[in-house]
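[1] Let me see the structure of the following:
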Amino acid sequence: MKKSFKYIGALALVLATAAGCNEKNFLKQTDPNKITDATFWKDESSVSQALAATYSPLRSSLYGYWGSFLGIQDINALGDDVFTLPGEEPGTWAVATFANDENNGDLSSIFGSLYQCIHRSNLLIAKIGGVNMDANKKTLYIAEAKFLRGLSYYLLASNWGGVPVRTTPLETTDGYDTPCSSKADVWKQVIADFSDAIPGLPVTRDPKEQGRVTSGAAVAYLGKAYMFTEDYTKAEATFDILTKAPYNYDLVANYEDNFTDKNEYNVESVFEWTFAPIGDQYGAWNTETPNSPMYNYLPQFIGPPAGGGWFKYVPSNYLVNEFLKETRPAGSDTKFDKRMYASLMWKRSSLGESDTTWYDGKTFEQLWNSALSKTVRLYPDTQLDTVTHGRFLIKKGTSAWRNVANADNYWGPTPSTANYRVLRFAEVLLLRAEAAAQNGNNGKALTDINRIRQRAGLKDKTVADLPGKDQLLAEIDHQKLLELFFEQNRVYDLRRWNKSAGTLSAILKTRQKQGANVFQAKHYVFPIPASELKSNPKATQNDLWK
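    Below you'll find the predicted structure:
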């Protein structure tokens, strides 16, 4: 199925030069040999190219929000589940330790990419009306563009709060001047876009279109938007939709199948980015060129040097302790939570199990020793505990599961092409459980929690174990930490569940989060980038950052 989606990645390059951030230049082209507004929008092929270019800013191989670098690296660094290694990218270190400001280049790049996606969405929605093509196809393309615009504003609202809202393409540079809307109004736009997108999107995709958004993804993100706005009644009802016909979502039997290339587009995948062995393997930073790569570069950032990685994180003490809180019932095929084996690597014999190897026969000692020169940078500021339970490395997101030498190295002979699951049905279940608990529907919450626990090989919880909302929410917190470890979720949960900066600061300090000693209320959001304030005179800095 991987080959069937390649055209999306390839077409994403075509319109990049024609639909950049500055539409004024695009509209004023007069060279007959160049694409212009008048010559581009001719038929469905043109619209398809435009749509592919709209996807592009979000999934770029190294600079997209989920591509493998700025977005995924920085957002994961904000959680309490990892320690970020000092001495790597300054921008990421500043974010991880709450030392970022409006001049942070990483955050400015992410911010710009999201607005690039918004601009291209607006352009497609505005221009498709004049294109000679089937009306039903127009409805589909508009719905898809609205989803991508809604997703961009979702990411802006959840990370920056109040930002400029633009729903029409910029006709002149003067039109760029747009004041920041309130955070509440940005969320209204998110909800409107996802709501509008749902009826126009298909429930499933033809194999040739796998990777393109479905109505299920729009429903799931709408539910997440309601969670952020604390409308738990609508959130629960929205997530309910995904548990009934015509949808057929479920949990895959093997948790690790969500992080390999063995079972892509599976029943648990609600939205995923497609990667494939096309384009320039070594040109990872050329995200919108005729030979742009479609490889998954995430393993390069996580894996230990002995596996070919650059090694930028280790699991936090808090995460390890939470994984080891509960063992499986006697007689189980593993001692611990099944998810631990897909998420982490460690010397198994130190915890009473048989040792294993990774990366074509490398022992854990070899992997750890290859990373030792970087782990020592953590001290003395970050006290990585290697004594209580031993030493741990991150497996999830790497290519360690393949057991191939140098597997994490994108310069190597076998760079990763595993798809990235952006949103899984497991998350939907845990979100629905949270909404149900908030709404007093404790039985439903318990049922969803136990579905997650059963797949992990853990015993069911009973009403006696989780008798009320507080106990249910505590278990949901625990399960989300383990289920969604290193999947760009943790920081949002910490912010949503701890509204007081004092409370959250105390939690972060207890869990040894790097930079917790300087955490303030303003760190619930990122500051509006200085580049935006300079180019958009009507934009104003977030009140928390003034």
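[2] pLDDT weak spots in the protein?
    By pLDDT under 70, the low-scoring segments of the chain are 1-38.
[3] need the strands for it, in chain order.
    82-84, 269-273, 313-315, 344-346, 392-394, 420-424 (DSSP state E).
[4] can you redo these as TSV with mean neighbour count?
    C-beta coordinates here come from the backbone N, C-alpha and C atoms, glycine included. Shown next, in TSV, are the strands of the chain (neighbours: other C-beta atoms under 10 Å):
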stretch	mean neighbour count
strand 82-84	24
strand 269-273	23
strand 313-315	25
strand 344-346	23
strand 392-394	25
strand 420-424	22
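[5] Using TSV, please lay out those strands together with distance to residue 294.
    Shown next, in TSV, are the strands of the chain (distance: least, C-beta to C-beta, whole Å):
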stretch	distance to residue 294
strand 82-84	27
strand 269-273	10
strand 313-315	24
strand 344-346	27
strand 392-394	24
strand 420-424	12
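[6] Quick one: closest of the ones you listed to residue 148.
    strand 269-273 (11.2 Å; C-beta to C-beta).
[7] Let's see that closest one as CSV, backbone CA atoms only.
    Only the C-alpha atoms of strand 269-273 are listed here, as CSV (Å, rounded to 0.1, in the frame of the first residue of the first chain):
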residue,chain,number,x,y,z
SER,A,269,-4.9,4.3,12.9
VAL,A,270,-7.2,7.3,12.8
PHE,A,271,-4.7,9.6,11.1
GLU,A,272,-1.2,8.9,9.9
TRP,A,273,1.5,10.4,7.8
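[8] Which stretches in the stretch 301-450 of the chain count as helices?
    Under the criterion DSSP state H, counting those that start in this stretch, the stretch 301-450 of the chain contains helices at 317-323, 338-343, 364-375, 425-438, 442-455.
[9] Residues contacting the first one, please?
    Pointing back at helix 317-323 there. 80-82, 336-337, 339-340, 343-344, 383-385, 388-389, 392, 478, 481-482, 485, 511-512 (C-beta atoms under 8 Å, 6 or more residues apart in numbering).
[10] Now restrict these to buried residues only.
    80-82, 336-337, 339-340, 343-344, 384, 392, 481-482, 485, 511-512 (16 or more other C-beta atoms under 10 Å).
[11] out of these, which one sits closest to residue 230?
    residue 481 (20.9 Å).
[12] That closest one and residue 81 touch, don't they?
    Yes - at 6.3 Å, residue 481 counts as touching residue 81 under the criterion of C-beta atoms under 8 Å.
[13] Need the overlap of contacts for those two.
    What both residue 481 and residue 81 touch, as defined by C-beta under 8 Å, 6+ apart, is the set 319, 490.
[14] Minimum distance to residue 329: which of the strands of the chain has it?
    strand 344-346 (20.9 Å).
[15] contacts for that closest one?
    315, 320, 323, 358, 364, 367, 389-396, 400.
[16] Out of these, the closest to residue 64 would be?
    Scanning those for proximity to residue 64, where the rule is C-beta to C-beta, the winner is residue 396, at 19.1 Å.
[17] What sits closest to that closest one if chain neighbours are left out?
    Once flanking residues are discounted, residue 396 sits nearest to residue 343: 4.5 Å by C-beta to C-beta, 6 or more residues apart in numbering.
[18] What distance do you get for the one you found to residue 268?
    16 Å (C-beta to C-beta, to the nearest Å).
[19] just residue 415 next, same as before
    From residue 415 to residue 268 the distance is 25 Å (C-beta to C-beta).
[20] May I see the buried residues of stretch 362-373?
    For stretch 362-373, using 16+ other C-beta under 10 Å, the buried residues are 362, 364, 366, 367, 368, 370, 371.
[21] quick one: the last one and residue 302 touch, right?
    Translated: residue 371. No - when contacts are counted by C-beta under 8 Å, residue 371 is not listed as touching residue 302 (11.0 Å).
[22] what number of residues lie near the closest residue to residue 155 other than its chain neighbours?
    Leaving out its chain neighbours, the residue that sits closest to residue 155 by C-beta to C-beta, 6+ apart is residue 114, at 5.7 Å. Residue 114 is flanked by 25 other residues according to other C-beta atoms under 10 Å.
[23] residues contacting residue 332?
    Contacts of residue 332 by C-beta under 8 Å, 6+ apart are residue 457.
[24] Tell me if I'm right that residue 124 and residue 47 touch.
    Yes - contact criterion C-beta under 8 Å: residue 124 and residue 47 qualify, at 6.7 Å.
[25] ranking the helices of the stretch 301-450 of the chain by burial, who's on top?
    Mean neighbours per residue, mean count of other C-beta atoms under 10 Å, is largest over the helices of the stretch 301-450 of the chain for helix 425-438, with a mean of 25.
[26] which residues touch that one?
    Against helix 425-438 from outside (C-beta under 8 Å, 6+ apart): 220, 223-224, 226-227, 232-233, 235-236, 239-240, 242-243, 249-251, 258, 267-270, 442, 444-446, 448-449, 451-452, 455, 469, 472-473, 476, 479-480, 483-484, 487, 489.
[27] Kindly report the same for stretch 136-151.
    44, 47-48, 51, 54-55, 58, 117-118, 120-122, 124-125, 128-129, 131, 167, 189-190, 192-194, 196-202, 212-213, 217-218, 221.
[28] Mark which of those are buried, thanks.
    Buried residues within the contacts of stretch 136-151, defined by neighbour count using 16+ other C-beta under 10 Å: 47-48, 51, 54-55, 58, 117-118, 120-122, 124-125, 128, 131, 189-190, 192-194, 196-198, 200-202, 212-213, 217-218, 221.
[29] measure the nearest residue in space to residue 224 that is not next to it in sequence to residue 496 for me?
    Of all residues not flanking residue 224 in the chain, residue 431 sits nearest, at 6.6 Å (C-beta to C-beta, 6+ apart). Distance from residue 431 to residue 496, counting by C-beta to C-beta: 11 Å.
[30] list the residues that contact both of those two?
    residue 227.
[31] Now do the shared contacts for residue 371 and residue 302.
    residue 311.
[32] measure residue 59 to residue 71 for me?
    From residue 59 to residue 71 the distance is 10 Å (C-beta to C-beta).
[33] likewise residue 376?
    For residue 376, the distance to residue 71 - C-beta to C-beta - is 28 Å.
[34] Then residue 183?
    20 Å.
[35] Could you check which of the two is surrounded by more residues?
    residue 71 (24 against 19).
[36] doesn't residue 65 make contact with the more buried one?
    Yes - under the criterion of C-beta under 8 Å, residue 71 makes contact with residue 65 at 3.6 Å.
[37] For the two, list the residues in contact with both.
    Contacts common to residue 71 and residue 65, judged by C-beta under 8 Å, 6+ apart, are residue 110.
[38] so how many other residues sit close to the residue lying closest to residue 529 once chain neighbours are set aside?
    Excluding the flanking residues, the one nearest residue 529 by C-beta to C-beta, 6+ apart is residue 108, at 4.0 Å. Counted with other C-beta under 10 Å, the neighbours of residue 108 add up to 20.
[39] ditto for the one 4 residues further on
    For residue 112, the neighbour count with other C-beta under 10 Å is 16.
[40] do the same with residue 463
    Counted with other C-beta under 10 Å, residue 463 comes out at 11.
[41] Pull up the gap between it and residue 472, please.
    10 Å.
[42] One more: residue 288?
    Using C-beta to C-beta, residue 288 is found at 46 Å from residue 472.
[43] who has more neighbours, the two?
    residue 472 (24 against 18).
[44] who's in contact with that one?
    Applying C-beta under 8 Å, 6+ apart, we find residue 472 in contact with 433, 437, 442, 445, 446, 449, 466.
[45] now, which of the residues you listed sits nearest residue 292?
    For the contacts of residue 472, the nearest to residue 292 is residue 433 (39.7 Å; C-beta to C-beta).
[46] now that closest one, nearest residue through space, not along the chain?
    Taking C-beta to C-beta, 6+ apart, and ignoring the residues beside it in sequence, residue 433 has residue 448 as its nearest neighbour in space, at 3.9 Å.
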